[in-house]
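[1] below are the sequence and a predicted model for it; my questions follow.
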Amino acid sequence: MRAEQTLHALTIMALASQAALAQVTVVSAPPEPSLLNITRQWSRASELGDLRELPADASRLELRVWGGYGLSTATQGVVIRRTGGRWSAFLARVVRCEIQIPRSVGDTASRATMQRYTAEARRHCGTPVTDVSAGSQVLATDTLLVAPLNVPDSTIAEAWTTAERGGAFELPARVDRNRVLDDAFIYVVELRRGNDYRASVIEHTERAETRVDQHVRDIYAAVNRLLAPDQVLRP
């Protein structure tokens, strides 16, 4: 009887969780494939969680402004969050993690084995493999290092207001260009207000070509005011 009650309770919890997720509405998002997909994967594997998949909460305010993604640049995001009437902010940095594994293992390992090796790689983040032994290969993965920002609530609220005035709720999912920007610095902006979610992926241009280009620069500048000068990642 007790086992049946436990199973019944777990079923109700699972259904409630699915119902909460179903209440989150995707207002706008770029078509896949896009950099939003990998960004959500990083978040999902970290303490931040996937913003689109967090439980429904009519009072939630959250803005995640990511920048980087180039072959020659780092990638990081500034997160502004208001839940339970309290503001908080975080800096999330993408860090490369590498280990050596035998080539024979990499060619034949099961998914579960590779997951264990990936978990091991994440314990060696920031230490690149520089000398690959014969018969070995490098297993690489990315992870997010998330750190809270020690700034006053009023400063975080001001950054939110500035980003909102800068057009955070007006960004399109993407900007159509008449050319391809190779290895460009790219902004990924995620926004959650209540149960509405929107996201944008926009390239940085040397000169603002559209009003949207200026908006995304202003939003990026607004959240970067929460960082120390040496923490800011510049395009």
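    Nice, thanks for sending it over.
[2] what about R116, distance to E98?
    16 Å (CB to CB, to the nearest Å). From N, CA and C alone the C-beta is placed, and that goes for glycine too.
[3] ok, the two, which is more surrounded?
    Ranked by neighbour count (other CB atoms under 10 Å), R116 and E98 place E98 first, with 17 against 12.
[4] what helices or strands is the host helix or strand of the more buried one leaning on?
    In this assignment (DSSP states H and E), E98 forms part of strand 86-102. Other helices and strands packing on strand 86-102, by 3 or more CB pairs under 8 Å, 6 or more residues apart in numbering; DSSP states H and E, are helix 35-44, strand 76-83, helix 111-121, strand 136-148, helix 153-165.
[5] and it, how far out from the chain's middle?
    The chain centre lies 10 Å from the centre of strand 86-102; the measure is CA atoms, centre = their mean, to the nearest Å.
[6] burial of A208, as a residue count?
    14.
[7] for it, give me its contacts.
    Q214, R217 (CB atoms under 8 Å, 6 or more residues apart in numbering).
[8] wait, L54 sits on G194?
    No: L54 is beyond contact range of G194, at 11.6 Å (criterion: CB atoms under 8 Å).
[9] which neighbours do those two share?
    By CB under 8 Å, 6+ apart, L54 and G194 have these common neighbours: R60.
[10] these two: which is more packed in?
    Ranked by neighbour count (other CB under 10 Å), L54 and G194 place L54 first, with 19 against 14.
[11] so how far is W160 from the more buried one?
    17 Å.
[12] also R40?
    Taking CB to CB, one finds R40 at 21 Å from W160.
[13] try G67
    Taking CB to CB, one finds G67 at 18 Å from W160.
[14] what do you get for T108?
    Using CB to CB, T108 is found at 50 Å from W160.
[15] again with R179
    R179 is 34 Å from W160, by CB to CB.
[16] ok, T143 - contacts?
    W42, A45, S46, V94, V95, C97, R122, C125.
[17] what residues are bridge-paired with it?
    Legend: beta-bridge partners of T143 under DSSP bridges are V95.
[18] before we move on, back to that, in the very next helix or strand once past the strand holding E98, what's buried?
    Per DSSP H and E, the first helix or strand lying C-terminal to strand 86-102 is helix 103-108. For helix 103-108, the neighbour count (16 or more other CB atoms under 10 Å) marks G106 as buried.
[19] how many residues are close by the residue lying closest to S43 once chain neighbours are set aside?
    Leaving aside its sequence neighbours, S43 sits nearest to D50 (CB to CB, 6 or more residues apart in numbering; 5.2 Å). The tally of other residues near D50 (other CB under 10 Å) stands at 17.
[20] wait, isn't D50 in contact with R40?
    Yes: the criterion here is CB under 8 Å, and D50 meets it with R40 at 4.9 Å.
[21] re the thing from before, so R179 and W160 - more neighbours on which side?
    Applying other CB under 10 Å to R179 and W160 shows that W160 carries more neighbours, namely 21 against 5.
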